[in-house]
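*Asks:* Here you go, sequence then predicted model.
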Amino acid sequence: MGSSRRVTTGYNYYGTFAQALGVGPATRLTRISNGETDIWTGDIDQSSRDGDGKTVLTTTIGEIRFYWGRSDQLPDTLLQASQIDFGSGPVSILVPAWPNVIYFVANSVAFGGQPVPPTLKFEFEREISLLTITAHTINSDAVIPEVIYDLLTNTMFGVGMPTAKLNAESFRTACETVITEGIGASPWLDENSSVREFVGLLLSYVDGYLRYEAGQIKMGLIRKESSAGLPVIDESTLADEPKPVNKGWNNTWNFTRLVYTDRDREWQGDAVETYEDTSNAVLTGEIVDEEIRLPFVTQREVAKKLVKRKGLKGGIPAMTWELEVMPSLRYLMPGDLVKLSFAKRGISQRVVRIQEVNRSAKDNRLVRLLVVEEITRDEANDYVPTDSAFTGIPDEFALVSTTPRLATLPAALKDDQPDGFLVACHRPQQLSEGFRVHFTWDPIQKAYGEIYGTTAYPAHGTLTWWTRARNNTTWILRINFQTAADAAFVLSLLDDSGEFYCCAGRRLYKSVGSTIDQHQVDALWLQAVADGYKVAISSTELELEFTDQAFGAPAPAMETEAGQGVYPTEHCYVSRKADFAIVTGSMYFERSGGNAATLWRPAGVDSPDTDWKRYVAVPTFNAVGSQELADASSTYYDRNDTTMCPFGTLATSWGNRVKTLAESLDYAGFATAMGGVHPDQSATDAADKALYRIAYGFETESEFLLAEDTDAILGFMTATGATWYNKT
């Protein structure tokens with residue numbers, strides 16, 4: 001008869017702690033989270049506070065006392081009752097009220113299995129209502145000109161300027177403009193910064209400027225304005241010729257990525273909106289990317305408006321002039337619009353905006369101006385389809401998923417980074433413009449975050465067979481492309497320069513003796529031979545010649561009796577290097593180690609990334625919309641699963657290994673001899689005819705190149721009785 005005993009397997013810890021959150025007063029509290037788990041949700045304001053200035057909340061881990069950061073809040077009674085022993089007995093702690101500080105006191109809350117406090121995240125808002133305007137928020141975001149007004153007048157964390165020193169009407173006008181435009185943002189300040197720096201940052205969100213005029217700070221917005229009645233700068237007011245300062249197209253770009261914080265995804269990771277300026281791309285002859293980070297933007301609709309505005313401005317070269325003008329124009333200020341004319345340089349009535357004004361204290365001195373040609377546009381005239389003209393989205397614009405296929409990178413593609421991976425994706429339909437790569441180490445513990453975006457796709461094909469050529473120095477691949485457009489694209493690349501590549505998965509295969517069939521995590525990279533073998537079998541099927549080991553990748557190899565072969569997979573991609581999604585960095589994709597953040601974890605606490613999986617999802621986008629992350633195709637790499645490969649298992653969507661031409665021809669020939677038809681017969685007809693012509697000595701150069709190696713292999717097998725398709 002057995003006996004029972006009590007076994008302690010762990011402890012649950014509880015404790016009390018307090019922490020400051022920011023400068024108040026807060027207006028609204030909506031959520032408290034413990035890591036990725038919500039412990040309280042609601043929508044409360046200061047009316048919920050008690051006489052001490054706090055709101056007591058019941059959460060799933062215990063009581064939390066939230067102080068709103070008011071100037072009249074009282075000290076926390078729980079903290080006042082605390083004592084500490086410095087060696088001579090317990091003594092009370094002097095606890096202040098911390099006026100204007102938002103903080104919380106967690107009262108005997110559950111720490112869980114660790115003797116350290118949990119990391120709590122509070123979501124609260126501070127709404128400003130200093131100006132008489134139609135709204136103090138824009139879809140729950142702040143009105144930026146009013147935030148700037150607060151920073152300039154606030155005596156606690158701002159400049160503390162008297163309101164009489166600010167032109168309130170100009171701030172009200174700017175507020176109403178951005179309210180009408182729907183350009184709201186939610187700024188925060190979590191590091192040391194001067195007010196000048198922070199105000200400058202906020203101005204970039206609304207294209208605003210501040211200037212000192214008539215003894216007051218005045219705010220303006222750079223928007224399309226009427227050019228009627230503008231002051232004129234010409235030969236009569238210029239002291240010297242205008243000096244152009246023009247860098248041309250070098251400072252422009254045509255693909256804008258605006259990175260913002262998406263509140264709809266629980267504020268996790270970076271979200272991205274893109275804008276492509278095709279006119280600039282055609283004029284410059286290249287794709288030039290520019291990333292603009294506006295983290296205070298929290299809603300996609302705002303990001304869409306701003307990325308278009310920033311993209312249009314970035315696609316036009318800024319024509320700038322240095323001017324020296326007569327003292328009669330001393331009244332001009334930065335932000336003003338004027339007209340510039342100078343016949344000798346062919347300048348006539350050009351509308352320019354003043355950027356800088358340099359003048360001396362004496363009224364009779366010349367004034368130096370820096371002006372830039374006005375490139376703002378009237379967005380009100382942009383075409384917006386009406387319901388009667390355009391109802392719904394046509395079927396051809398329906399968003400379709402692409403298939404992500406993953407592989408690790410050869411060293412030459414890592415760009416000196418310790419890690420990286422390839423995401424090979426096909427264009428799902430002709431109106432798809434691109435896709436975005438989202439990454440996480442566990443979608444349950446950590447939301448996907450976007451790490452890469454592209455408007456390019458390589459041509460996707462299915463490999464039919466492959467063979468050696470030119471005394472084993474090159475390879476001929478027969479590829480059936482997804483569409484005729486893909487095949488035509490590949491031919492155009494070959495005609496242009498030959499600087500393009502074929503990427504396929506890598507299979508280790510051996511059918512003799514101890515068999516092997518492994519799906520490797522690295523890929524085969526082959527480079528096209530510019531003047532090599534090229535045959536169009538049909539509108540979608542091509543035979544092309546490549547060299548191996550591009551970027552230092554492994555080389556294909558045929559099976560031998562002593563060792564396995566290295567075979568390409570059925571799915572392959574052909575294009576320029578720039579068209580592949582090559583992601584580099586330190587995400588621990590192929591290396592050992594957890595990918596979860598380490599900064600917040602106490603010493604001795606293991607990373608929650610214990611599975612060593614790397615999840616990748618790729619939403620597509622087109623001219624009318626972007627695919628939701630939840631609808632996008634995804635895949636993952638598992639370093640701990642060695643089922644298909646000792647280094648870890650990638651998704652097997654690269655497909656099976658592809659037979660060599662000799663093997664396919666042998667199978668098809670045997671089927672014909674037995675009175676049947678093999679599926680490979682139509683694909684090997686040309687090689688069969690080439691073998692026949694080689695046997696009788698009247699083959700063409702192309703036929704010899706195609707079938708020479710197959711002829712040698714099949715002859716070797718017939719003579720020796722070998723069962724593998726290789727002649728060493």
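*Replies:* On my side now, so go ahead.
*Asks:* now the helices for the protein?
*Replies:* Using DSSP state H, the helices of the chain run over 77-80, 144-153, 168-181, 195-206, 278-284, 300-314, 484-496, 661-673, 681-695, 701-720.
*Asks:* In JSON lines: those helices, plus mean pLDDT, distance to Tyr533 and mean neighbour count.
*Replies:* Glycine gets a C-beta too; all of them are placed from N, C-alpha and C. Converted to JSON lines, the helices of the chain look like this (pLDDT from 0 to 100; distance: least, C-beta to C-beta, whole Å; neighbours: other C-beta atoms under 10 Å):
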{"stretch": "helix 77-80", "mean pLDDT": "90", "distance to Tyr533": "81", "mean neighbour count": "15"}
{"stretch": "helix 144-153", "mean pLDDT": "95", "distance to Tyr533": "62", "mean neighbour count": "22"}
{"stretch": "helix 168-181", "mean pLDDT": "95", "distance to Tyr533": "58", "mean neighbour count": "19"}
{"stretch": "helix 195-206", "mean pLDDT": "93", "distance to Tyr533": "55", "mean neighbour count": "16"}
{"stretch": "helix 278-284", "mean pLDDT": "79", "distance to Tyr533": "33", "mean neighbour count": "14"}
{"stretch": "helix 300-314", "mean pLDDT": "90", "distance to Tyr533": "43", "mean neighbour count": "19"}
{"stretch": "helix 484-496", "mean pLDDT": "88", "distance to Tyr533": "11", "mean neighbour count": "17"}
{"stretch": "helix 661-673", "mean pLDDT": "81", "distance to Tyr533": "13", "mean neighbour count": "20"}
{"stretch": "helix 681-695", "mean pLDDT": "86", "distance to Tyr533": "12", "mean neighbour count": "17"}
{"stretch": "helix 701-720", "mean pLDDT": "91", "distance to Tyr533": "5", "mean neighbour count": "17"}
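*Asks:* Can I get these in a markdown table including distance to Arg353?
*Replies:* Below are these laid out as a markdown table (distance: least, C-beta to C-beta, whole Å):
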| stretch | distance to Arg353 |
| --- | --- |
| helix 77-80 | 55 |
| helix 144-153 | 19 |
| helix 168-181 | 16 |
| helix 195-206 | 15 |
| helix 278-284 | 21 |
| helix 300-314 | 12 |
| helix 484-496 | 42 |
| helix 661-673 | 67 |
| helix 681-695 | 65 |
| helix 701-720 | 64 |
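*Asks:* which stretch among those comes nearest Ala398?
*Replies:* Nearest to Ala398 among these is helix 484-496 (18.6 Å), distances taken as C-beta to C-beta.
*Asks:* gap between that closest one and the chain center?
*Replies:* What separates the centre of helix 484-496 from the centre of its chain is 28 Å, taken as C-alpha atoms, centre = their mean, to the nearest Å.
*Asks:* Which strands or helices does that helix pack on?
*Replies:* Secondary-structure packing of helix 484-496 (3 or more C-beta pairs under 8 Å, 6 or more residues apart in numbering; DSSP states H and E): strand 459-469, strand 534-536, strand 541-547, strand 565-575.
*Asks:* picking up where we left off before, so which of the helices of the chain gets nearest Val535?
*Replies:* With respect to Val535, and counting by C-beta to C-beta, the nearest of the helices of the chain is helix 701-720 at 7.1 Å.
*Asks:* Could you tell me the angle between the closest one and strand 459-469?
*Replies:* Interaxial angle of helix 701-720 relative to strand 459-469 (axes from the mean of the first three to the mean of the last three C-alpha atoms, to 10 degrees): 60 degrees.
*Asks:* for helix 701-720, packing partners?
*Replies:* Looks like helix 701-720 contacts strand 459-469, helix 661-673, helix 681-695 (3+ C-beta pairs under 8 Å, 6+ apart).
*Asks:* Count the neighbours of Ala528 for me.
*Replies:* Close neighbours of Ala528, defined as other C-beta atoms under 10 Å, add up to 22.
*Asks:* Verify the stated contact: it with Tyr501.
*Replies:* Yes: at 7.0 Å, Ala528 counts as touching Tyr501 under the criterion of C-beta atoms under 8 Å.
*Asks:* Now the common contact residues for the two.
*Replies:* Here Ala528 and Tyr501 share the contacting residues Val574, scored by C-beta atoms under 8 Å, 6 or more residues apart in numbering.
*Asks:* Nearest to Trp612, out of the helices of the chain?
*Replies:* When the helices of the chain are compared by C-beta to C-beta, helix 300-314 sits nearest Trp612, at 32.8 Å.
*Asks:* Tell me the gap between the closest one and the middle of its chain.
*Replies:* Using C-alpha atoms, centre = their mean, the mean C-alpha position of helix 300-314 is found 16 Å from that of the whole chain.
*Asks:* who touches that helix?
*Replies:* Helix 300-314 is contacted by residues 139, 141, 181-185, 205, 207, 252-254, 256-258, 260, 262, 264, 271, 273-277, 290, 292, 294, 297, 375, 377, 379 when judged by C-beta under 8 Å, 6+ apart.
*Asks:* OK, contacts around Leu57?
*Replies:* Ile32, Trp40, Glu63, Ile64, Arg65, Phe66.
*Asks:* Among those residues, which one lies nearest to Tyr637?
*Replies:* Of all these, Tyr637 sits closest to Ile32, with 34.9 Å by C-beta to C-beta.
*Asks:* State the distance from that closest one to Phe104.
*Replies:* From Ile32 across to Phe104, the span is 8 Å (C-beta to C-beta, to the nearest Å).
*Asks:* Report the set of residues contacting both of those two.
*Replies:* By C-beta under 8 Å, 6+ apart, the residues touching both Ile32 and Phe104 are Ile64, Leu120, Phe122.
*Asks:* Would you report which members of the residues you listed are assigned to strands?
*Replies:* Judged by DSSP state E, the shared contacts of Ile32 and Phe104 include Ile64, Leu120, Phe122 as members of strands.
*Asks:* Which residue ranges of the stretch 551-700 of the chain form strands?
*Replies:* Ranges of strands within the stretch 551-700 of the chain are 565-575, 581-585, 613-617, 620-622, 634-638, based on DSSP state E, counting those that start in this stretch.
*Asks:* How are the strands of the stretch 51-200 of the chain distributed by residue range?
*Replies:* 54-59, 62-68, 83-85, 90-92, 101-112, 120-125, 137-138, 141-142.
*Asks:* and Thr569, which of the ones you listed is closest to it?
*Replies:* Using C-beta to C-beta as the measure, strand 120-125 is the one of the strands of the stretch 51-200 of the chain that comes nearest Thr569, at 44.2 Å.
*Asks:* Okay then, goodbye and thanks.
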